[in-house]
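**Student:** 3D, please:
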Amino acid sequence: MRSAVISTICAITVALPLRAQQRTALDSLAADTAHARRLGRIVVSGARLTTAADPRVPMSTQRIELAAAGRHHEATDVLARVPGMSVSNDQGSHAQPSFDLRGFTLSPVVGAPQGVSVFLDGVRVNEPDAQEVNFDLLPMDAVEGAELIRGPSAVFGKNSLAGSLLLTTARGAQPGMDGEIGVGSFGEREGHLRASGMLGGTDALLLVSASGDDGYQVRSGARTRQLFATIGRKREGADVALSLLVARNRIYEAGSLPESWLAETRRANYTGGDFFHPELTQLSARGSWQLGAASLRATAFGRRNVIEQLNVNAGDANTHAFVTNGSAGGTAELGFATTLGTRSLDLSLGVDASHSQVKYLVQAEPNVDTPALPDDCAPAPGGASALCEDARANGDDAAIYAQGILQVTPRLAVTASARGDWSRVPFRDHRDASNDGTSVFARLSPMLGASYVVGHARVYANVGSAFRAPAALELACASPEASCPLPFSLGDDPPLRPVVAWNYETGTEWADGRGASLAISLFDTEVRDDIVFASASQTTGYFRNVARTRRQGVETRISLLLPATSRLFGSWTLLDATYRAPITLASALGANDVSPGDRFALSPRHRATVGLSSSHMAGTAQLDATLTAHGVSSSWLRGDEGNAHTALAGYILADFATAVHLGSVTVSATVTNLLDRRYALYGVYAENSKGPYGGPATDAPVVERFLTPGYPRALRVGVGFSSF
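**Tutor:** Okay, the predicted model is just below:
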């Protein structure tokens, strides 16, 4: 079915606040434009340049209040409802969603080419091996707010093709504690405790959190443990803070199921035993200093993420990988105000540098289906496993950037920025030195735009470029003659070219200051040498360049204040993400010829949300209620980039949430997938070597659609308190 089926969509969010600190996350999404209109000067977030908070910056931006979202799942659910965003999940774990923003990927999956940068307090948390982002490792219970800057940005560095997500954690304030415990369907249990205080000019915050669930599919549970602490010092003209993040998670990944199995059961696990076990330690420092008329902001960080991952394979030996991602670096930025003639000019100058050390150790292990080990791996003592990869990729990145905002007239501001990036990625194979190689990339990325304010409205336009150097894993797995069972079969393969994107965008934002707002943006992103993953099976593939791709579309969002302390809002996105050059990609189907105009896999054409929320007082209790509905249209499966077969069906989901605030205690309840709809979050074509559900296996495997089932209706109840 070539044409997309447009989902009728409604989503309803919440909580018109009677008290600002009790605004719900989705209500804040609707109110973000009005908030932005109140800010008139440059605002620097962490050690990065001005963001959407400044109406002079000619970009599509949105403030997202994640603080009220609570637990990790709710925070990622809020992100999935952001206009222009959709979610997929090939891992089969609620803890590891993948996002699609403007046709670019933001995902924890190694093998999904990434196109969005994520910053935590100014520190880029995309992993150096494949630029993936593990949201399960981020301290969402400590996140105070977030800003999404859409479109390529010269300011936020490499990988910011679709945009950048800036996460800011809370600082210590008045002494107090808050926390929550919750239980839910499928064995969900979670809790967190946060303590905060201030003594003199020193502030501190400590968060401990833990969660667990059994998962929907068999052997798909997750366990997370986090500790996050910040200590800061504020004095006249200076503010510094030091943060520590420690996370230890274990996530079992059920993955997708053959469509023939789904007819029998949606809870099966095709290859039970897959797991992802990361251990993250991150230490970061950030500060700002007033230097006369100028201000200096800086961050420095060191992070180490040790990952153990087991893939149980059907028809091949299991792969057991140990990947160490280590990185350190910093950013320094100087901002000052001056004049150009009689016109005010705000300037920001910055430098950015980091060093990464990536270590790959990969073993093959026998299983019931495949007792033999690969011939090209070195048998380990005892013969229980074989060493297949022992490689290093220690890279360096450096950049210099600048931005200027010229106030041409009281209403018109012109912004120009540029960034020069340099990236060096050496690959060293400790098993075969002939595979060694080094890749170096450099690029200058400019941006020019203007913003015009009239009354309660702002109109903006910009043209800008962004750059992404291939990740270490992509460079080491780029040969069609040697497909990789990711992230495992690595070598110095044919070189990949860096990705270059040019974005052309215009839009308008309006807010009346009384709760009504409207935002519309139109964009066209032209990409040269896009990197795609060509998958010959469900577990193997390689990376390659495609000469030209395009993402163009319209994003809208609206919010209306209704009588009786209620709010109605909605959003709709039309996205046309297509190949613009012919290419033949590998697929389990065999021929997978892609023609100009064919749409990307797993990138729905239509995404929308509509919402209604209300907040009322009953005596001394405050009652908040939210009804949401969110929908996406159909999308193509992985392995069918030529759009020749049946598409993955679109879906509409409804959620309901309510909370009662009584003094310092809050009782909440959430029902997701209220109507208990059956839907799939991911699809790929692959061989079913196990045959029908329950067996027996067949000698001639059949290529089927493998789908990841979405969660059915689920209930979660929580009790929280706050002494602030």
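**Student:** which residues of the stretch 401-550 of the chain score low on pLDDT?
**Tutor:** Counting by pLDDT under 70, the low-confidence segments of the stretch 401-550 of the chain come to 478-494, 535-541.
**Student:** Mind doing that once more with 80?
**Tutor:** Along the stretch 401-550 of the chain, segments meeting pLDDT under 80 span 476-495, 533-542.
**Student:** now the helices for it?
**Tutor:** 472-475 (DSSP state H, counting those that start in this stretch).
**Student:** so what's the residue positioned nearest the centre of the chain up against?
**Tutor:** Compute the mean C-alpha point of the chain, and by Cα atoms, centre = their mean the closest residue is residue 106, 4.0 Å away. The contact partners of residue 106, taken as Cβ atoms under 8 Å, 6 or more residues apart in numbering, are 98-100, 114-116, 118, 133, 162, 165. Every residue, glycine included, has its C-beta placed from N, CA and C.
**Student:** tell me which of these is nearest to residue 90?
**Tutor:** Checking these against residue 90 by Cβ to Cβ gives residue 98 as the nearest, at 7.0 Å.
**Student:** Run a quick neighbour tally on the closest one.
**Tutor:** 22 (other Cβ atoms under 10 Å).
**Student:** How about it: what's its closest non-neighbour residue?
**Tutor:** Computed as Cβ to Cβ, 6 or more residues apart in numbering, the closest residue to residue 98 that is not its neighbour in sequence is residue 107, at 3.6 Å.
**Student:** Now the one you found, what are its backbone angles?
**Tutor:** phi -150, psi 150 (degrees, to the nearest 10).
**Student:** Could you tell me the per-residue confidence at it?
**Tutor:** The model reports residue 107 with a pLDDT of 91.
**Student:** and the contacts of residue 106 as JSON lines, adding pLDDT, secondary structure and distance to residue 532?
**Tutor:** Shown next, in JSON lines, are the contacts of residue 106 (pLDDT from 0 to 100; DSSP: H, G, I helix; E, B strand; the rest coil; distance: Cβ to Cβ, whole Å):
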{"residue": "98", "pLDDT": "92", "secondary structure": "strand", "distance to residue 532": "15"}
{"residue": "99", "pLDDT": "93", "secondary structure": "strand", "distance to residue 532": "18"}
{"residue": "100", "pLDDT": "93", "secondary structure": "strand", "distance to residue 532": "14"}
{"residue": "114", "pLDDT": "90", "secondary structure": "strand", "distance to residue 532": "12"}
{"residue": "115", "pLDDT": "92", "secondary structure": "coil", "distance to residue 532": "11"}
{"residue": "116", "pLDDT": "94", "secondary structure": "strand", "distance to residue 532": "16"}
{"residue": "118", "pLDDT": "94", "secondary structure": "strand", "distance to residue 532": "21"}
{"residue": "133", "pLDDT": "94", "secondary structure": "coil", "distance to residue 532": "19"}
{"residue": "162", "pLDDT": "93", "secondary structure": "coil", "distance to residue 532": "15"}
{"residue": "165", "pLDDT": "92", "secondary structure": "strand", "distance to residue 532": "23"}
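**Student:** ok, back up a step: I'd assumed residue 135 was in contact with the residue nearest to residue 98.
**Tutor:** No - in this structure, residue 107 is not within contact of residue 135 by Cβ atoms under 8 Å, at 9.4 Å.
**Student:** tell me what the helix or strand harbouring residue 289 is packed against?
**Tutor:** Element membership for residue 289, per DSSP states H and E: strand 275-291. Packed against strand 275-291, as judged by 3 or more Cβ pairs under 8 Å, 6 or more residues apart in numbering; DSSP states H and E, are the following elements: strand 238-252, strand 294-311.
**Student:** Return that strand as CSV; C-alpha atoms alone will do.
**Tutor:** What follows is strand 275-291, C-alpha atoms only, in CSV (Å, rounded to 0.1, in the frame of the first residue of the first chain):
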residue,chain,number,x,y,z
PHE,A,275,20.4,-8.7,27.4
PHE,A,276,22.0,-5.2,27.6
HIS,A,277,24.0,-4.5,30.8
PRO,A,278,25.6,-1.0,30.9
GLU,A,279,27.5,0.5,33.8
LEU,A,280,28.0,4.3,33.5
THR,A,281,30.0,6.7,35.6
GLN,A,282,30.0,10.3,34.6
LEU,A,283,31.7,13.3,36.4
SER,A,284,31.1,16.8,35.1
ALA,A,285,31.7,20.3,36.1
ARG,A,286,30.1,23.5,34.9
GLY,A,287,30.4,27.1,35.7
SER,A,288,29.8,30.7,34.7
TRP,A,289,31.7,33.8,35.6
GLN,A,290,31.0,37.5,35.0
LEU,A,291,34.0,39.2,33.6
